[in-house]
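K.L.:
Structure for the following, please:
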Amino acid sequence: MPAPQTTLAPPRVPAPRGPGRAVRLLPAPLRTSPGDDRLRARAATATVWYLRLLAVLNIAAVMSLPFREEVHEHNAGEYFTPYLATAGLGSAALALFLAVVMRRRKRAAWLFNLLLAGSLLGLYAVALTHAPYREHAFNWVSAALTGLFVAALLIGRREFDAIGDRSNPRLALAVGVGGTLVSGGLGTLLAHATNKVPGAALKDEIAYSLLRGLSVGPLADRVAAVQAPRWADMVINILMAVTFLLVLYACFRAPRGACLLAPEDESRLRALLDRHGDRDSLGYFALRRDKSVIFSPSGKAAIAYRVVGGVSLASGDPLGDPEAWPGAIDAWLAEARRHAWTPAVMGAGEEAGTVYARHGLDALELGDEAIVDLADFTLDGRAMRVVRQAHNRVRRAGYTVRIRRHEDIPAEEMAVLVDRAEHWRDGAAERGFSMALGRLGDPADGRCVMLECRDANDEPRALLSFVPWGEHGLSLDLMRRDRSCENGLMEYMVVELLLRAEGLGIERVSLNFAMFRSVFERGARLGAGPVLRVWRSTLTFFSRWWQIESLYRANAKYRPVWEPRFLLFAKSSDIPRIGLASARAEGFLTLPGRS
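P.N.:
Numbers count the residues shown, from 1 in each chain. The predicted model follows:
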């Protein structure tokens, strides 16, 4: 029973933490009025829109000669322009990138803007005390706009609480030095090759390249020994802008979430699966060791996730007691906000999706999971004719199936099966994240079920591996086969499992996930609307490269119960980013380096 709280101390709430760490209790923040909260949020949003507007104006100034000359005129002599208005691609890149990271409420970006804009405002204030500057109304407008931006930063300062990676400064320094050397070197070569003035010294070409990288205006014109054509100036400026953008990315990138599943975390997750593992067929996949985990304050629920490209990607339902799910979701969302990660859930069930929706996430139906209830499964009837014929044909060809728990397979035999599975894998990358364990033959997975298929010569030709789904269920993990084997071999193996699973105490089996299953089903019906028909045709077209329709057809053969699965997200604008992260996590898209 929890100890009663005294009236002298504020209640304590769990602080956001890294996965696999004990929960620290910190005093709850002081409450503020809703009006103050709205003011801070609007001020923070105003800084983002200011930066977006400046990015557009800088790009327009670069593209428009009259506009660019006007800006350059006001950046020289007795005039000055608002914060970040310089008519250069570097400034445009800076403003655009800062708008992105400020939208993600990065503390480092707030501090960067405050130091830069605050210092500039101080210079403007000093300049306006001198007669040549204070006589121009435009300077007062520039100072006022810069001052409003600084004021908005100060008012909204508590909104910017997302932290960055500790290695960012070192990485930014390395990227800055290397990028400047590369872009400056290329710019110097380009200036040398296109220079209209003969006999320029190397130091003049280097100086021209560096100055032109800062601005396409008259700044580099001070180097009289170099005169490059307009297109060369643009290329040099773009090279430096790209370098600057890479440095900014290195400065403000989100932490990678490298704290993966620790042994003590795995033990706690297995305890939750022992008590509540029958709730979700994807629950066992939370034990993937490339995932991190965060627990509810009570420890009765947990969410496993992986950070990919700044997206905190969870899969399936939360583990554990549904009454403790809100605590785990709150902790996961708080951690995502603290690190400026985009929260997303792949493949949540309807019950979990409803709980996530109460925490501010929207839902999009991804497809359906095929679940076969063994009590209702039969090979009889016209609807099962194709499956029945495939099963009989493969059986007459002399193929046999052996079904065992992983713990019952000798180590030598398991090593052979793992080697065959690796040899039969389609492609170099291991695919799967939300519905794949990512390992085979691990001693900790002894309750998994292996189906080994051999031909008439007693040679292994295919295997299926299933993970436990509570005490009386199985969920498909791995399908591998020799490409030269008999057609229909997988159907034969699945049917053998469904017919013989009762001996293992199995009552239900989860097969593959069919993405957009309802589109294929409803789009083929009489009276389907034009939008649905176009959507179905589009998916059919892409099925030539990805197994979209074929997975639906393969699952539908067994007359399963279809259980919908959902994608959960915070903002619709995040869906493309989430889709890219999901493709990387599932192994369909491989990028250099770590995720």
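
K.L.:
Which helix or strand lies directly C-terminal to the helix or strand that contains V534?
P.N.:
Assigned by DSSP states H and E, V534 belongs to helix 530-542. Downstream of helix 530-542, the next assigned helix or strand under DSSP H and E is helix 549-556.

K.L.:
Alpha carbons only: can I get that following helix in PDB?
P.N.:
Output in PDB follows, covering the C-alpha atoms of helix 549-556 (Å, rounded to 0.1, in the frame of the first residue of the first chain):
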ATOM      1  CA  GLU A 549      -1.700  -8.900 -52.600                       C
ATOM      2  CA  SER A 550       0.100 -12.300 -52.500                       C
ATOM      3  CA  LEU A 551       0.200 -12.300 -48.700                       C
ATOM      4  CA  TYR A 552      -3.500 -11.600 -48.500                       C
ATOM      5  CA  ARG A 553      -4.200 -14.400 -51.000                       C
ATOM      6  CA  ALA A 554      -1.900 -16.900 -49.200                       C
ATOM      7  CA  ASN A 555      -3.500 -16.200 -45.800                       C
ATOM      8  CA  ALA A 556      -7.100 -16.200 -47.100                       C
END
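
K.L.:
centre of the chain versus it, how much separation?
P.N.:
27 Å (Cα atoms, centre = their mean, to the nearest Å).

K.L.:
who touches it?
P.N.:
Residues outside helix 549-556 that contact it (Cβ atoms under 8 Å, 6 or more residues apart in numbering) are 370, 490, 511-517, 520-521, 539-540, 543. The C-beta positions use only the backbone N, C-alpha and C, and glycine is treated the same way.

K.L.:
Tell me which helix or strand comes right after the helix or strand of the chain with the lowest mean pLDDT.
P.N.:
Least confident helix or strand, the chain: strand 25-27 with a mean of 35, by mean pLDDT, DSSP states H and E. Later in the chain than strand 25-27, the nearest helix or strand by DSSP H and E is helix 34-63.

K.L.:
I'd like to know which elements that next one is packed against.
P.N.:
helix 65-74, helix 89-103, helix 137-155 (3 or more Cβ pairs under 8 Å, 6 or more residues apart in numbering; DSSP states H and E).

K.L.:
what angle sits between that helix and helix 137-155?
P.N.:
Orientation of helix 34-63 against helix 137-155 (axes from the mean of the first three to the mean of the last three Cα atoms, to 10 degrees) gives an angle of 140 degrees.

K.L.:
Tell me the buried residues in helix 34-63?
P.N.:
Using 16 or more other Cβ atoms under 10 Å as the test for burial, helix 34-63 gives 40, 43-44, 46-48, 50-52, 54-55, 57-59, 61-62.

K.L.:
Just give me the least confident of those residues.
P.N.:
Looking at these by pLDDT, the weakest one is V62, with 68.

K.L.:
Assign the residue nearest to P468 when sequence neighbours are not counted to helix, strand or coil.
P.N.:
Distance criterion Cβ to Cβ, 6 or more residues apart in numbering; nearest residue to P468, sequence neighbours excluded, is R447 at 4.8 Å. Under DSSP: H, G, I helix; E, B strand; the rest coil, the three-state class of R447 is coil.

K.L.:
I'd like the average pLDDT over the helix holding V534.
P.N.:
72.

K.L.:
other SSEs contacting that helix?
P.N.:
Applying 3+ Cβ pairs under 8 Å, 6+ apart, we find helix 530-542 packed against helix 517-523.

K.L.:
Skip the chain neighbours and tell me the closest residue to G213.
P.N.:
Per Cβ to Cβ, 6+ apart, closest to G213 is M240, 2.9 Å.

K.L.:
Contacts only, for the one you found.
P.N.:
Counting by Cβ under 8 Å, 6+ apart, M240 makes contact with 89-90, 180, 183-184, 187, 210, 212-214.

K.L.:
Kindly recompute the last result at 10 Å.
P.N.:
Listed by Cβ atoms under 10 Å, 6 or more residues apart in numbering, the contact set of M240 reads 88-90, 93, 179-180, 183-184, 186-187, 209-215.

K.L.:
now do L366
P.N.:
346-348, 434, 513-517, 564-568, 582.

K.L.:
Can you tell me which of those lies closest to R158?
P.N.:
Taking Cβ to Cβ as the measure, L568 is the one of the contacts of L366 closest to R158, at 27.2 Å.

K.L.:
Report the contact partners of R158.
P.N.:
Counting by Cβ under 10 Å, 6+ apart, R158 touches 29, 32, 36-37, 40-41, 43-44, 105, 110.

K.L.:
and with 8 Å instead?
P.N.:
Contacts of R158 (Cβ under 8 Å, 6+ apart): R40.

K.L.:
pLDDT value on it, please?
P.N.:
88.

K.L.:
Distance from stretch 399-415 to the middle of the chain?
P.N.:
That offset, for stretch 399-415, works out to 37 Å (Cα atoms, centre = their mean).

K.L.:
can you give me the mean pLDDT across it?
P.N.:
pLDDT averaged over stretch 399-415 gives 93.

K.L.:
Tell me where the model's unsure across the stretch 201-350 of the chain.
P.N.:
214-222, 251-259 (pLDDT under 70).

K.L.:
Could I get the full set of helices for it?
P.N.:
Ranges of helices in the stretch 201-350 of the chain, per DSSP state H, counting those that start in this stretch, are 202-214, 230-252, 263-276, 325-339, 350-358.

K.L.:
ok now do H276, which residues does it touch?
P.N.:
So H276 contacts 283, 319-321 (Cβ under 8 Å, 6+ apart).

K.L.:
Quick check: it vs P322, distance?
P.N.:
According to Cβ to Cβ, to the nearest Å, H276 stands 8 Å off from P322.
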